[in-house]
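Visitor: structure here, sequence nowhere to be found:
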């Protein structure tokens, strides 16, 4: 009945958790949501003011499919200021979030017979998009004992004559791990030799906690500018998830193809949103720094609270706003067997929403978002710890 491609995909597991939590909240249930992949901060006022001004000026018509010139110039200016790389508006497309920017690039670059390397634990959408393009995702696993760091050696070892692309997400979702500039350089050098495309998912690029060299755009720009796509988003940086605005910059031929694809799918991004994001990129950036500081405080406090339970093994993330603890010691064949079951039990019984590691190809782990207030983090952590500690007594009673 349905097209063959529908067999390859399912609903995003991260969005499924969010939907379940929202449904319970709508029923008046006191759910503490650690599943959310979005900032809890309000959009900064100067950005909202730009949107109001756009409405007042009746800026409510279609824009150019690829985005307004003002916004494309703002994206280019941001990359020049932050990374020292120069792109033109003709090398830029505005999309409905970072997800669509990535989707456009993947659909325009890859196809049947191609292999595309990416890393896990990671954002499942990256793998699913490769499948939708009828290419083959090749998964390189990172490891908790190495801080989930993406290393060049296993990426390079996965290259075959069929490899057409490498997708890197740094900081990563769900681990918060970074790839080092040294490793990115090694990957870029080899990709340049072999004519392989590099797609960088930089949607969390402004959420890095310590002064760490992370100029990935400059590295790939200098080595294979004509085979690099940089995908970014206003969602996480400026607390604008619901506004739906991302972008891609890359070679004009690819951006032209993305523009053609987008013209037959969504067309232009909401006109009001484009004015708001232009203000975000061109305006003061102190709001970004303030949010980052708050995230850092939450990360450190949450790590401290969870450390009270030694069976929860945790790597402190370098970026993004997730913890990704190993909770496998609470799983057992005669009790809760998987983190998928554990996440469901936490929601059903403790009223805490988390995302199971299976969503990220990492059984035994949970993703805990700390994009919520310290008060909610405290309440949720207490519920979570009480629940997992109760599992021992449950097994004893069952035995």
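Guide: That came in fine, so what should we check first? Quick caveat, the model's predicted, so the values are computed rather than measured.

Visitor: which stretches of this protein form helices?
Guide: Secondary structure of the chain (DSSP state H): helices at 13-26, 45-56, 69-83, 98-109, 124-132, 152-157, 181-194, 216-224, 252-263, 271-282, 286-306, 339-345, 374-398.

Visitor: go through these and pick out the most buried.
Guide: helix 98-109 (a mean of 25; mean count of other CB atoms under 10 Å). C-betas here are computed from N, CA, C, even on glycine.

Visitor: ok, back up a step: pipe the helices of the chain into JSON lines and attach distance to residue 333 per row.
Guide: Shown next, in JSON lines, are the helices of the chain (distance: least, CB to CB, whole Å):
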{"stretch": "helix 13-26", "distance to residue 333": "23"}
{"stretch": "helix 45-56", "distance to residue 333": "51"}
{"stretch": "helix 69-83", "distance to residue 333": "50"}
{"stretch": "helix 98-109", "distance to residue 333": "37"}
{"stretch": "helix 124-132", "distance to residue 333": "26"}
{"stretch": "helix 152-157", "distance to residue 333": "31"}
{"stretch": "helix 181-194", "distance to residue 333": "38"}
{"stretch": "helix 216-224", "distance to residue 333": "43"}
{"stretch": "helix 252-263", "distance to residue 333": "47"}
{"stretch": "helix 271-282", "distance to residue 333": "50"}
{"stretch": "helix 286-306", "distance to residue 333": "25"}
{"stretch": "helix 339-345", "distance to residue 333": "12"}
{"stretch": "helix 374-398", "distance to residue 333": "11"}
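
Visitor: of the ones you listed, which is nearest residue 233?
Guide: Across the helices of the chain, residue 233 has its closest neighbour in helix 98-109 (3.4 Å, CB to CB).

Visitor: and the contacts of the closest one?
Guide: For helix 98-109, contacts defined as CB atoms under 8 Å, 6 or more residues apart in numbering pick out 93, 95, 116, 125-126, 129-130, 132-133, 135, 164-165, 167, 197, 199, 201, 203, 229, 231-233, 235, 246-248, 250, 254, 257-258, 261-262, 266.

Visitor: now do the contacts for residue 140.
Guide: 117-120, 150, 154-155, 158.

Visitor: meant to ask about residue 75
Guide: 87, 92, 94, 232, 247, 249, 281.

Visitor: narrow the residues you listed to those in strands?
Guide: 92, 94, 232, 247, 249 (DSSP state E).

Visitor: quick one: the last one from residue 226, how far?
Guide: Using CB to CB, to the nearest Å, we find residue 249 at a distance of 13 Å from residue 226.

Visitor: between the two, which one's more packed in?
Guide: residue 249 (26 against 12; other CB atoms under 10 Å).

Visitor: thought that one was touching residue 87?
Guide: Yes - assessed by CB atoms under 8 Å, residue 249 is found in contact with residue 87 at 4.5 Å.

Visitor: got any ranges where the chain has weak pLDDT?
Guide: 13-14, 394-399 (pLDDT under 70).

Visitor: at 50 what do you get?
Guide: Where the chain drops to pLDDT under 50, the residues are 397.

Visitor: the domain parsing of it - what is it?
Guide: 4-42+286-391, 61-282 (automatic domain parsing).

Visitor: apart from its chain neighbours, what residue comes closest to the spatially most central residue of the chain?
Guide: The chain has residue 173 as the residue nearest its centroid, 4.8 Å off, counting by CA atoms, centre = their mean. Closest residue in space to residue 173, ignoring its immediate chain neighbours: residue 123 at 4.6 Å, by CB to CB, 6 or more residues apart in numbering.

Visitor: cool, residue 112 as well?
Guide: Nearest to residue 112 is residue 134, by CB to CB, 6+ apart, at 4.6 Å.

Visitor: right, and the one you found touches residue 9 too?
Guide: No - the criterion here is CB under 8 Å, and residue 134 misses it with residue 9 at 11.9 Å.

Visitor: and for these two, which residues touch both?
Guide: Going by CB under 8 Å, 6+ apart, no residue sits against residue 134 while also sitting against residue 9.

Visitor: the residue nearest to residue 173 contacts residue 231, doesn't it?
Guide: No - taking contacts as CB under 8 Å, residue 123 lies outside contact range of residue 231: 11.7 Å.

Visitor: which residues touch the residue nearest to residue 291 when sequence neighbours are not counted?
Guide: Once flanking residues are discounted, residue 291 sits nearest to residue 41: 5.5 Å by CB to CB, 6+ apart. Under the criterion of CB under 8 Å, 6+ apart, the neighbours of residue 41 are 239, 291, 294.

Visitor: residue 366: which of those residues is nearest?
Guide: When those are compared against residue 366 (criterion: CB to CB), the nearest one is residue 294, at 22.4 Å.

Visitor: roughly how far apart are the closest residue to that closest one other than its chain neighbours and residue 181?
Guide: Nearest residue to residue 294, sequence neighbours excluded (CB to CB, 6+ apart): residue 41, at 7.7 Å. Residue 41 is 29 Å from residue 181, where distance means CB to CB.

Visitor: now do residue 220
Guide: 11 Å.

Visitor: over to residue 20?
Guide: 39 Å.
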